[in-house]
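S.K.: This is the structure alone, sequence omitted:
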């Protein structure tokens, strides 16, 4: 904040605006853009790992593992994202606290579930009530990453499973005829070949993940949507920087941010597609006529 911002009510024009845009709440608003980017950077590889594991499980020769992989893809994809986020985060949080409660407080006699309340012993709270606010924020953000990864991992598993089936069977049979084991075939033939088939679906999934980041607001994380609503709402004269309802301008800023992010993503995926398709022949060979 600038030195002339000490008395906001005496400011006008650009000075007022410069002070308004550099308040502590606006700095939190700017930092929330980084929160969204960190969520994307951390969620994408975790979701891809879940998806790869689900796709490999669905192809497994072990029946229980195959059933688990197919059930994971079908059940998670069939549940609306908002419903899953609202339910799973609460269930995961309470599940972790219940396990900790059983381990740390074996002599606890009061019921954990008391009507609509969920009560565990104080030492089982995750994170502890005495923990700094930053720890609570990191914990909530971690739950959000896990939830996003599980949901989008199921979609990634479906994309990767289809990509594995798209790899020409003749290549796998040729590898078998040379005596390669199933594990060698997967590692040397199937997995390297499948990425070019999976990339279009994964790029679409990445775009959907970008558009889903405002769901952080539902999970209680102070993201860009939260701050846009807080800062853009009408402020009366009781505030240091009173203004009318400016939410439209804040959400236009979010629109520009997401459009830029998706455009950069499109360019990156186009370059990655060209790189992976170098030297590859996709689709059916051309028909040769006499």
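M.R.: Arrived safely. Quick caveat, the model's predicted, so the values are computed rather than measured.
S.K.: And the helices in the stretch 101-250 of the chain, which stretches?
M.R.: For the stretch 101-250 of the chain, the helices defined by DSSP state H, counting those that start in this stretch occupy 133-166, 169-177, 182-185, 191-212, 224-232, 247-276.
S.K.: packing partners for the first one?
M.R.: Secondary structure elements in contact with helix 133-166, counted by 3 or more C-beta pairs under 8 Å, 6 or more residues apart in numbering; DSSP states H and E, are helix 24-58, helix 63-78, helix 81-104, helix 191-212. All C-beta atoms are positioned from the backbone trio N, CA, C, and that covers glycine.
S.K.: so where's the stretch 1-150 of the chain shaky on pLDDT?
M.R.: Within the stretch 1-150 of the chain, the ranges that satisfy pLDDT under 70 run 1-3, 8, 11.
S.K.: what about 90?
M.R.: 1-26, 28, 35, 56, 58-66, 69-70, 72-148 (pLDDT under 90).
S.K.: Ok, the stretch 151-290 of the chain next?
M.R.: Using pLDDT under 90, the stretch 151-290 of the chain drops low at 151, 162-196, 211-247, 272-290.
S.K.: picking up where we left off before, quick one: which of the helices of the stretch 101-250 of the chain is nearest residue 44?
M.R.: Closest of these to residue 44 is helix 191-212, at 6.8 Å (criterion: C-beta to C-beta).
S.K.: Now the closest one: buried residues?
M.R.: 191, 193-199, 201-203, 205-207, 209-210, 212 (16 or more other C-beta atoms under 10 Å).
S.K.: Kindly report the same for stretch 123-136.
M.R.: Here stretch 123-136 shows 124, 126 as buried, counting by 16+ other C-beta under 10 Å.
S.K.: same thing with stretch 102-118?
M.R.: Those would be 105, 112, for stretch 102-118 by 16+ other C-beta under 10 Å.
S.K.: hmm, who's touching that stretch?
M.R.: When contacts are defined by C-beta atoms under 8 Å, 6 or more residues apart in numbering, stretch 102-118 is touched by residues 94, 97, 98, 101, 119, 120, 121, 123, 124.
S.K.: go again using 6 Å as the cut-off
M.R.: 94, 120, 121, 123, 124 (C-beta atoms under 6 Å, 6 or more residues apart in numbering).
S.K.: Bridge partners for the residue nearest to the first one when sequence neighbours are not counted, pull those for me.
M.R.: Nearest in space to residue 94, with sequence neighbours left out and distances taken as C-beta to C-beta, 6 or more residues apart in numbering, is residue 118 at 5.3 Å. Per DSSP bridges, the residues bridged to residue 118 are residue 113.
S.K.: distance of residue 118 from residue 266?
M.R.: 44 Å (C-beta to C-beta, to the nearest Å).
S.K.: Could you do residue 209 as well?
M.R.: Distance from residue 209 to residue 266, by C-beta to C-beta: 14 Å.
S.K.: again, but for residue 146
M.R.: With C-beta to C-beta as the criterion, residue 146 and residue 266 are 28 Å apart.
S.K.: what about those two, which has more around it?
M.R.: Neighbours per residue (other C-beta atoms under 10 Å) separate residue 146 from residue 266, with residue 146 holding more: 17 against 13.
S.K.: burial measure for the closest residue to the more buried one other than its chain neighbours, as a count.
M.R.: Residue nearest to residue 146 in three dimensions, not counting chain neighbours: residue 92, with 6.9 Å by C-beta to C-beta, 6+ apart. Residue 92: 14 surrounding residues under other C-beta under 10 Å.
S.K.: Please tell me how far residue 92 sits from residue 266.
M.R.: Counting by C-beta to C-beta, the gap from residue 92 to residue 266 is 33 Å.
S.K.: do you know how far the residue nearest to residue 94 is from residue 80?
M.R.: In terms of C-beta to C-beta, residue 118 sits 24 Å off from residue 80.
S.K.: Could you do residue 88 as well?
M.R.: 12 Å.
S.K.: Which one's more surrounded, these two?
M.R.: residue 88 (19 against 8).
S.K.: which ones are touching that one?
M.R.: residue 147.
S.K.: Which single one of the contacts of stretch 102-118 is nearest to residue 130?
M.R.: residue 123 (10.6 Å).
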